[in-house]
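>>> Just need the structure, nothing else, for what follows:
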Amino acid sequence: MDLEISTLADNIAFSRWVSSWESPAPTTNQGTHELGFQRWFKFKEAFAPSFVKEVIEELPYKPKAVLDPFGGSGTTAVTCQFLGVPPSIIEVNPFLADLIESKLCPIDLDYFMLVKDEVEKQAKNSCTKALEDEYVLPPSFIEPGVKGRYIYSKKTAREILALRQAIEGVAMPEYQRILRVALASILVDTSNCYVNGKGRRYRRGWQTRITPGVFSSFHSACVCIAEDLAIALCRPIADYSLYRGDCRQQLKTVELGFDFCLFSPPYPNSFDYTDVYNIELWMLGYLTSAQENLALRKSTLRSHVQVTASRPARELPSKHFQSVYKKLVKARGELWDSRIPEMVRDYFSDLADILELMRDRLNSGNYVGMVVGDSQYRDIHIGVAKVLSELAPSLGFKVESTKRVRSMRSSAQQGGNLKLAESLVLLSKN
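So this is what the prediction gives:
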């Protein structure tokens with residue numbers, strides 16, 4: 001598609017998508033529970049579509065293809081389709097990869113509703129069976145659980161597993177995938193837990209809480225998806241490429257054609273996203289053993305302390321990093337985890353590796369846009385944008401700009417103050 005010719009039409013399509021929503025902050029996903037595609041699954045940390053559009057339109061050239069190596073909720077990819085720019089996405093989390101592809105892949109609305117109705121019918125006929133005996137799940141997931149604590153009552157679990165079983169019987173993978181996403185969207189609300197960056201926690205008073213109905217919740221989720229499938233028809237393109245796995249490996253092996261990279265890596269705040277999506281990964285069958293769970297965790301960016309480093313760190317020619325690292329090592333005994341200094345070092349080592357892999361696939365003058373967030377441990381502030389800006393020249397990039405786009409609240413362990421910057425770092429290949 002000729003981007004010069006299609007710009008007006010693409011902007012009209014984009015405007016139709018976001019017309020009822022205004023972003024409270026450029027890189028936040030807050031308030032998008034009513035926005036098409038975004039409402040399919042609650043995802044707090046994501047770009048606003050308007051932010052993606054603004055960054056792309058402010059480039060000194062019109063990109064022909066955009067890469068996001070940390071696909072997340074798929075906002076970059078979906079926005080690119082609305083703008084007529086083919087996206088390439090890499091995502092290590094298999095559930096999130098399905099979520100992304102469900103938003104990008106063309107789906108026939110009428111057939112979706114037919115398949116949905118059949119899935120509901122089959123599940124309602126089988127939900128009284130002891131389906132929990134047919135699936136491998138951690139003992140804490142289903143009543144009686146462990147020491148009287150469990151994520152799902154037996155009745156709720158059987159209804160969810162009945163839907164899962166019916167969905168697994170759907171012949172066409174794209175319809176199986178999108179129905180699995182609908183089921184994923186209700187798993188936390190119908191559970192005895194809530195989920196934050198540190199994983200799952202039991203709700204207050206969960207023993208007496210009346211959980212939402214599984215079948216009514218699933219039906220509502222499918223209705224939302226169906227409404228948004230109509231919006232999808234106005235997208236000027238349906239092209240996309242999705243690669244599943246560790247981006248540090250995918251960037252080495254996959255033949256990707258792109259001339260702009262826009263992404264937001266996990267922040268060095270020790271959030272383990274394998275834990276954050278633990279319920280979806282297990283209940284939907286993406287994980288079936290502790291070994292698979294560990295393998296997925298080891299495939300993620302080294303932004304958390306849950307896995308001991310299995311790869312050596314590289315030299316990092318950044319004065320700010322060297323200063324921060326020395327302070328962290330000195331304060332090791334006062335940190336909430338003694339492995340934090342190495343985690344921070346390995347985090348920047350991974351990002352440097354990723355930037356080098358991107359550099360080798362970009363042409364001179366092509367841009368990379370990164371949204372990164374600062375972190376802090378005790379009183380030691382880690383300026384992530386500053387470190388990456390100092391590393392860029394050694395990696396073959398010129399720093400075009402660094403712009404603060406939002407302030408984030410640090411965790412209780414870090415003081416809980418609004419003082420951590422979230423920044424857009426724009427680099428160009430030398």
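>>> okay, now residue 296: neighbour count?
19 (other C-beta atoms under 10 Å). (Glycine included, C-beta is placed from N, CA and C.)
>>> what pLDDT does it get?
pLDDT, residue 296: 91.
>>> Work out for me the element it sits within.
Residue 296 is part of helix 290-298 when elements are defined by DSSP states H and E.
>>> List the buried residues in that helix.
Neighbour counts over helix 290-298 (16 or more other C-beta atoms under 10 Å) mark 293, 296-298 as buried.
>>> Equivalent analysis for stretch 323-336, please.
For stretch 323-336, by 16+ other C-beta under 10 Å, it's 324-325, 327-328, 335.
>>> likewise stretch 279-292?
For stretch 279-292, using 16+ other C-beta under 10 Å, the buried residues are 279-287.
>>> ok, which pair from these is furthest apart?
Maximum pairwise distance among these (C-beta to C-beta): 12.3 Å, between 279 and 285.
>>> center of the chain, which residue is that?
Nearest to the geometric centre of the chain sits residue 72, at 2.1 Å (C-alpha atoms, centre = their mean).
>>> So that residue sits against residue 91, correct?
Yes - if you go by C-beta atoms under 8 Å, residue 72 and residue 91 touch, sitting 7.2 Å apart.
>>> Report how many residues lie close to residue 42.
14.
>>> Just to check, it is in contact with residue 186?
No - using C-beta under 8 Å, residue 42 is not in contact with residue 186; the gap is 10.4 Å.
>>> helix or strand right after the lowest-mean-pLDDT helix or strand in the chain?
For the chain, scoring each helix and strand by mean pLDDT, DSSP states H and E identifies helix 3-18 as the least confident one, at a mean of 62. Where DSSP H and E defines the elements, the next helix or strand beyond helix 3-18 is helix 49-57.
>>> Quick check: which helices or strands does the following helix or strand past that following helix pack against?
Using DSSP H and E, the helix or strand that follows helix 49-57 towards the C-terminus is strand 66-68. When contacts are defined as 3 or more C-beta pairs under 8 Å, 6 or more residues apart in numbering; DSSP states H and E, strand 66-68 packs onto helix 75-83, strand 87-91, strand 260-263.
>>> pLDDT of the shortest one, averaged?
For strand 260-263, the mean per-residue pLDDT is 96.
>>> Pull the residues that contact the next helix or strand after that strand.
Going down the chain from strand 260-263, the next helix or strand is helix 273-276, by DSSP H and E. Contacts of helix 273-276 with the rest of the structure, by C-beta atoms under 8 Å, 6 or more residues apart in numbering, involve 93, 195-200, 266, 281, 293, 296-297, 300, 306.
>>> Identify the residues contacting whatever helix or strand comes next after helix 273-276?
Sequence-wise, the next helix or strand downstream of helix 273-276 (DSSP H and E) is helix 278-283. With C-beta under 8 Å, 6+ apart as the test, helix 278-283 has contacts from 93-95, 137-138, 141, 151, 160-161, 164, 184, 187-188, 191, 193, 195, 199-200, 274, 286-287, 293, 296.
>>> how does it look with 7 Å?
Contact with helix 278-283 is made by 95, 137-138, 141, 151, 160, 184, 187-188, 191, 195, 199-200, 287, as judged by C-beta atoms under 7 Å, 6 or more residues apart in numbering.
>>> what does stretch 55-73 give?
Against stretch 55-73 from outside (C-beta under 7 Å, 6+ apart): 3, 43, 46, 76-77, 80, 83, 85-91, 96-97, 99-100, 247, 251, 256-265, 354, 367, 369.
>>> For ChimeraX, what selects the buried ones among these?
Filtering those down to the buried ones (16+ other C-beta under 10 Å) takes a single ChimeraX command:
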select :43,46,76,77,80,83,85,86,87,88,89,90,91,96,97,99,100,247,251,256,258,259,260,261,262,263,264,265,354,367,369
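>>> Please, where are all the helices along the stretch 301-430 of the chain?
Ranges of helices in the stretch 301-430 of the chain, per DSSP state H, counting those that start in this stretch, are 319-330, 340-359, 384-391.
>>> again but with the stretch 51-200 of the chain, I slipped
Listed in chain order, the helices of the stretch 51-200 of the chain (DSSP H, counting those that start in this stretch) span 75-83, 94-104, 109-126, 154-168, 173-184.
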